[in-house]
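> 3D model of this:
(2 chains)
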There are 2 protein chains.
Amino acid sequence: MKLWISDLKNYVGQTIELKGWAYHHRSSGKIKFLVLRDGTGYCQCVFAKGACDDESFNGFEQITQESTVSVSGAVRAEPRSPGGYEVTAQSFKILSRAEPYPITPKEHGPDFLMSHRHLWIRSKMQHAILRVRAEIITAIRDFFNGRGFTLADSPIFTPSSCEGTTTLFQTNYFDEKARSSQSGQLYAEATCAALGKVYCFGPTFRAEKSKTRRHLIEFWMVEPEVAFNDLNDNMELAEQFVEYIVQRTITNRAEELKALERDTSILAKVRAPFPRVHYDEAAAMIKNENPQFEIGNDFGAPDEAIVSGKFEKPVFVHHFPTAVKAFYMKQDEKNPERCLSCDLLAPEGYGEIIGGGQREDSLELLLKRIDEHHLNRADFEWFLDLRRYGSFTHSGFGLGIERTVAWICGIQHVRETIPFPRLYGRNYP
Amino acid sequence: MKLWISDLKNYVGQTIELKGWAYHHRSSGKIKFLVLRDGTGYCQCVFAKGACDDESFNGFEQITQESTVSVSGAVRAEPRSPGGYEVTAQSFKILSRAEPYPITPKEHGPDFLMSHRHLWIRSKMQHAILRVRAEIITAIRDFFNGRGFTLADSPIFTPSSCEGTTTLFQTNYFDEKARSSQSGQLYAEATCAALGKVYCFGPTFRAEKSKTRRHLIEFWMVEPEVAFNDLNDNMELAEQFVEYIVQRTITNRAEELKALERDTSILAKVRAPFPRVHYDEAAAMIKNENPQFEIGNDFGAPDEAIVSGKFEKPVFVHHFPTAVKAFYMKQDEKNPERCLSCDLLAPEGYGEIIGGGQREDSLELLLKRIDEHHLNRADFEWFLDLRRYGSFTHSGFGLGIERTVAWICGIQHVRETIPFPRLYGRNYP
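Residues are numbered from 1 along each chain as shown, chains lettered A, B, ... in the order given. Predicted structure coming up:
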């Protein structure tokens, strides 16, 4: 079994063999340096004339970037070295010599980098982002599992749509058509009646012909749904959840966030409770700075920035107009023009990371909404059954993983937050 | 916030309000019983004439199965009661009265139950299976996270196929065609070169027109991939992994497995190391009992049962014929007719739950295999790059979640192992 760079601390003073890829290498006369990476960390290997065998010392220049190399030598603690340990090399072998590596220190355009995504992810920044992503996902699952939620996967192929029909991918499903899920929520409402507190967590799809820094064709979403939670319970759950994942990530991935030059002092302030603003109040804030904004409309990205810019923490906007939200949102009984929805806007201009609310539990009102949205009742018979057989107050939300990763990492574009992004016009590699 | 049945132990002696759904109810003169379920457990509520208000006592018969009910009363420990606690009811309210429930104690055919899957999951057995499923998935993630693996999601929409082209779902992806992933493995090979030890875990799709008890159209798969692991390392990882998830599940989900009447003494024997049988040896075993079997062929389900039936534990079959395995499997250098693959067959007739092996790391041999499989080289340029820029020994495997859940639960058909199964001819609900 391979010895990993992340475990070097257990081998100080011992002679070991380390395998990895050549990340950097340079010579300065009688001493030569090779930084190996193996995915778990970086380790500088020092080749000194006389201390390592002559063949290795003289053959050093055969190493090319990303060549697979095995180095034998002694481990020593070296606080100045990245990772804290160095190897005093005795010998090395090139296991596979890399062809001239296409990603060079010079500037590459995003198209070039995206076409070489399978190699680009080896670079330090991308590596750090993917490690942060994995931590966030693990934190999300631990949060819900630790509170008695049951994971219940929603299907990907579905007969009906959830968020409207214009942005659906269709597939020939034998003799029928299937659509790729835009949200697992409708199914989470069913599993929530069976399991009480549930979450689904999977890929979702939107066929949006837009190239913005906040949209992916294929993105991951976690969607908790809780029986007997109302809108307020839902916002409480969401703020505790976001606090947990942010605080845990800045603790457990401090090294990666440092590599990304992220100012984590801003993230340290993300502590519940979060401010809550009624839609009408938020709309007035926006109208004040953007006179073109029409009260009753949904927010665009610049509108979100006006609201979120007034707070250091993420801010809830609740009670959006019923007309701009999905058919399953519960109407406010006091004002049917508004619904029991809540969006959470991240600070620093990152915008909406959570959308959710309380679900319509009246069969009659739900039927009306399905008709108003020109949806096909037959597709939703099973969903309507949830109101026929023990209807119940329930609420939930969806958090988009890639936007959350972009925010926590402090990067501009969601395309770097997933190993292989799918974008309008890009399905390779 | 709701008080959950799973938390009743903290409220003994207190008067509380419990919300849930009516699972069972019966009267016997002066005493009436209501079993509430809320997804986290079951709780018997006892209505005694005189002890609860007259309105509640007399209105008890208004309760219908699956009605949403709120019960107020005092919690007491009652070891004979399912869950160990009972509520001595003082009053109740029907929050939503259910229409006559379609799933009755009489026998229903699988088609009827599958069409009512959104309600069927509320029944005790299905609830138990879904809880076991969630535990298995959490155990899988904890196993890899605890060993320094990084989760790296593979894309769902892909330009190329991995396991052959006959069972692919195609989608119009703007002006191109995209295919729904059959395996995340090719991408895991790329992320493994970036992150060392990785796993991907997501839904995968096979457009198989088969109705068997072991196939789903949409199923979840976890696929670890480790840099510098060879075939033996891979089998060691797989057996430790399977031991971990089985032992943890029988410990943490003992109650659910009991509800499923699973004999866990058989599962308790699932301890590493597992027996390992060379393909040629396994083929001889099969030939002995099934003379029609041709050496060099892949195994059918009955063939797998012949081999696995000889062992109490899961058994590895390794070194399958190169011709029956995917193009990326590494050829055995000593015998190119055999490859460095390994399947793991579960006992009790459950068959293959893991397929994996060491990957071909020679650019030249990989190109040859792609041609032999009539695949399009251009689709795999990025994958070939992994052999051009620091090729490396690496291995991995895929474990199918639904087959594993079926095995651990001891149930016959994978359709009950996922909340909303997708089968040939079924995409609803």
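> which residues of the stretch 301-429 of chain A score low on pLDDT?
By pLDDT under 70, the stretch 301-429 of chain A has no low-scoring segment.
> now the strands for it?
A:315-318, A:341-346, A:351-358, A:394-400 (DSSP state E, counting those that start in this stretch).
> can you put those strands in CSV and add distance to chain B and mean neighbour count?
Placement of C-beta: from N, CA and C, glycine included. As requested, the strands of the stretch 301-429 of chain A are exported to CSV (distance: least, Cβ to the nearest Cβ, whole Å; neighbours: other Cβ atoms under 10 Å in any protein chain shown):
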stretch, distance to chain B, mean neighbour count
strand A:315-318, 18, 23
strand A:341-346, 17, 25
strand A:351-358, 14, 23
strand A:394-400, 10, 24
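> which one of those strands lies closest to residue A:181?
Nearest to residue A:181, of all these, is strand A:394-400, at 11.6 Å by Cβ to Cβ.
> Direction included, what does that closest one pair up with?
Applying DSSP bridges, strand A:394-400 is found paired with strand A:218-227 (antiparallel), strand A:351-358 (antiparallel).
> Now do the shortest one against strand A:341-346, angle only.
Computed with axes from the mean of the first three to the mean of the last three Cα atoms, to 10 degrees, the direction of strand A:351-358 lies at 160 degrees from that of strand A:341-346.
> Can you name the residues in contact with strand A:351-358?
Strand A:351-358 is contacted from outside by A:214, A:229-231, A:234, A:238, A:242, A:299, A:301, A:304-305, A:308, A:314, A:318, A:325, A:329-330, A:339-346, A:393-400, A:403-404, A:407, using Cβ atoms under 8 Å, 6 or more residues apart in numbering or on different chains.
> try stretch A:112-130
A:21, A:37, A:39, A:66, A:101-103, A:108, A:256-257, A:259-260, A:405, A:409, A:411, A:415-417, A:419-421, A:423, A:426, A:428-429, B:150, B:152, B:187, B:190-191, B:193-195, B:382-383, B:385-386, B:389.
> Between the two ends of that stretch, how far is it?
19 Å (Cα to Cα, to the nearest Å).
> same check, this time on stretch A:345-365
29 Å.
> ok, back up a step: please convert the strands paired with strand A:394-400 to CSV, extending it with distance to residue A:28.
Putting the strands paired with strand A:394-400 into CSV (distance: least, Cβ to Cβ, whole Å) gives the following:
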stretch, distance to residue A:28
strand A:218-227, 46
strand A:351-358, 48
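> Let me know which of those is the nearest to residue B:361.
strand A:218-227 (29.1 Å).
> Any chance of TSV for the strands of the stretch 301-429 of chain A, columns distance to residue B:366?
Compiled in TSV, the strands of the stretch 301-429 of chain A are given as follows (distance: least, Cβ to Cβ, whole Å):
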stretch	distance to residue B:366
strand A:315-318	52
strand A:341-346	44
strand A:351-358	41
strand A:394-400	37
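> nearest to residue B:205, of those?
Here strand A:394-400 is closest among these (Cβ to Cβ), at 22.5 Å.
> Can you list the neighbours in contact with that closest one?
Contacts of strand A:394-400 (Cβ under 8 Å, 6+ apart): A:140, A:183, A:185, A:188-189, A:192-193, A:219-231, A:233-234, A:237-238, A:241-242, A:340, A:342, A:344, A:353-359, A:361.
> Kindly supply the ChimeraX command isolating those of these that are buried.
Buried subset of the contacts of strand A:394-400, written as a ChimeraX selection, criterion 16 or more other Cβ atoms under 10 Å in any protein chain shown:
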select /A:140,183,185,188,189,192,193,219,220,221,222,223,224,225,226,227,228,229,230,231,233,234,237,238,241,242,340,342,344,353,354,355,356,357,358,359,361
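> can you give me the helices in the stretch 301-429 of chain A?
Assigned by DSSP state H, counting those that start in this stretch, the stretch 301-429 of chain A shows helices spanning A:301-308, A:363-372, A:381-388, A:401-409.
> List the buried residues in the longest one.
Neighbour-count burial for helix A:363-372, counted by 16+ other Cβ under 10 Å, picks out A:363, A:366, A:369, A:370.
> Kindly report the same for the last one.
Taking 16+ other Cβ under 10 Å as the neighbour-count basis, helix A:401-409 is seen to contain the buried residues A:401, A:402, A:403, A:404, A:405, A:406, A:407, A:408, A:409.
> Any part of it near chain B?
No - Helix A:401-409 is not in contact with chain B by Cβ under 8 Å from any Cβ of the partner chain; minimum separation 8.8 Å.
> Next, the angle from that helix to strand A:394-400.
Using the same axes, to 10 degrees, helix A:401-409 lies at 70 degrees relative to strand A:394-400.
> what packs against helix A:401-409?
In terms of contacts (3 or more Cβ pairs under 8 Å, 6 or more residues apart in numbering or on different chains; DSSP states H and E), helix A:401-409 is packed against helix A:124-145, strand A:218-227, helix A:231-252, strand A:341-346, strand A:351-358.
> got it, and the longest one?
When contacts are defined as 3+ Cβ pairs under 8 Å, 6+ apart, helix A:363-372 sits against helix A:381-388.
> Quick check: beta-bridge partners of residue A:201?
Going by DSSP bridges, residue A:201 forms beta bridges with residue A:222.
> neighbours around it, how many?
23 (other Cβ atoms under 10 Å in any protein chain shown).
> Find the closest residue to chain B in the stretch 201-350 of chain A.
As assessed by Cβ to the nearest Cβ, chain B sits closest to residue A:228 within the stretch 201-350 of chain A, at 4.1 Å.
> Hmm, that residue is touching residue A:390, no?
No - using Cβ atoms under 8 Å, residue A:228 is not in contact with residue A:390, being 11.7 Å away.
> Surely residue A:65 is within a helix?
No - counting by DSSP: H, G, I helix; E, B strand; the rest coil, residue A:65 is not found in a helix; it is coil.
> Go ahead and confirm it touches residue A:22.
Yes - applying Cβ under 8 Å as the test, residue A:65 and residue A:22 come out as touching, 5.8 Å apart.
> what about the two, which has more around it?
Between residue A:65 and residue A:22, residue A:22 has the larger neighbour count (other Cβ under 10 Å), namely 24 against 19.
> Partner strands of the helix or strand containing that one, with direction?
In the assignment (DSSP states H and E), residue A:22 maps to strand A:15-28. Using DSSP bridges, strand A:15-28 pairs in its sheet with strand A:31-37 (antiparallel), strand A:68-77 (antiparallel).
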